[in-house]
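**Q** need a structure here:
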Amino acid sequence: MSPFFVMSLLFGLTFGQTASLCAPSEYTIHVEKQECAYCLAINTTICAGFCMTRDSNGKKLLLKSALSQNVCTYKEMLYQTVLIPGCSHHTTPYYSYPVALSCKCGKCNTDYSDCVRERLRTDHCTKPQKLCTL
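**A** Coordinates of the predicted model:
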């Protein structure tokens with residue numbers, strides 16, 4: 001093995017987490033309710049990016065808890081609430097959504113993230129669209 005390869009391997013193992021590219025990213029959510037006349041396009045930030053992870057070859061020998069992989073998830077966040085225009089009187093016209101302030105690589109927290117299922121598609125509107133400006 002060449003010295004360059006060994007140094008690269010050691011550097012990667014030591015500083016792998018710092019090389020992760022997990023950061024707040026701009027994202028547009030489209031929100032609509034059946035009882036409301038409009039679809040709301042909301043500009044927010046979410047956590048997105050690459051996190052270094054290591055997958056063991058000895059999976060059958062390890063506990064399940066040792067096999068969890070890191071994902072790009074919220075370190076700090078806050079919730080914003082907006083009013084969806086054109087809703088009928090019997091409908092709650094409010095929608096709350098997370099805003100990522102900072103992100104980290106870590107285990108997926110099921111308290112505020114869906115870690116298993118495919119997320120709902122929020123990239124289109126079926127009703128007239130209004131842009132949310134805060």
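
**Q** CA atoms for contacts and neighbours, from now on please.
**A** OK.

**Q** so where's this protein shaky on pLDDT?
**A** Residue ranges of the chain with pLDDT under 70: 1-20, 54-68, 112-124, 128-134.

**Q** Can you show me the helices along it?
**A** Here the chain has its helices, by DSSP state H, at 3-15.

**Q** Please, where are all the strands along it?
**A** For the chain, the strands defined by DSSP state E occupy 21-32, 39-50, 71-83, 94-106, 129-132.

**Q** Next, count neighbours for the nearest residue to residue 29 once chain neighbours are set aside.
**A** With C-alpha to C-alpha, 6 or more residues apart in numbering as the criterion, residue 29 has its nearest non-adjacent residue at 5.1 Å, and that residue is residue 42. For residue 42, the neighbour count with other C-alpha atoms under 10 Å is 18.

**Q** From residue 21, how far out is residue 42?
**A** Distance, residue 42 to residue 21, by C-alpha to C-alpha, to the nearest Å: 24 Å.

**Q** Then residue 27?
**A** As judged by C-alpha to C-alpha, residue 27 and residue 21 stand 17 Å apart.

**Q** same thing with residue 87?
**A** 40 Å.

**Q** my guess is residue 85 meets residue 32, correct?
**A** No: counting by C-alpha atoms under 8 Å, residue 32 is not a contact partner of residue 85; they are 9.6 Å apart.

**Q** out of the two, which sits in the busier spot?
**A** residue 32 (24 against 15).

**Q** Quick one: residues contacting the more buried one.
**A** Neighbour list for residue 32: 38, 39, 40, 84, 125, 127 [criterion: C-alpha atoms under 8 Å, 6 or more residues apart in numbering].

**Q** Thank you, goodbye.
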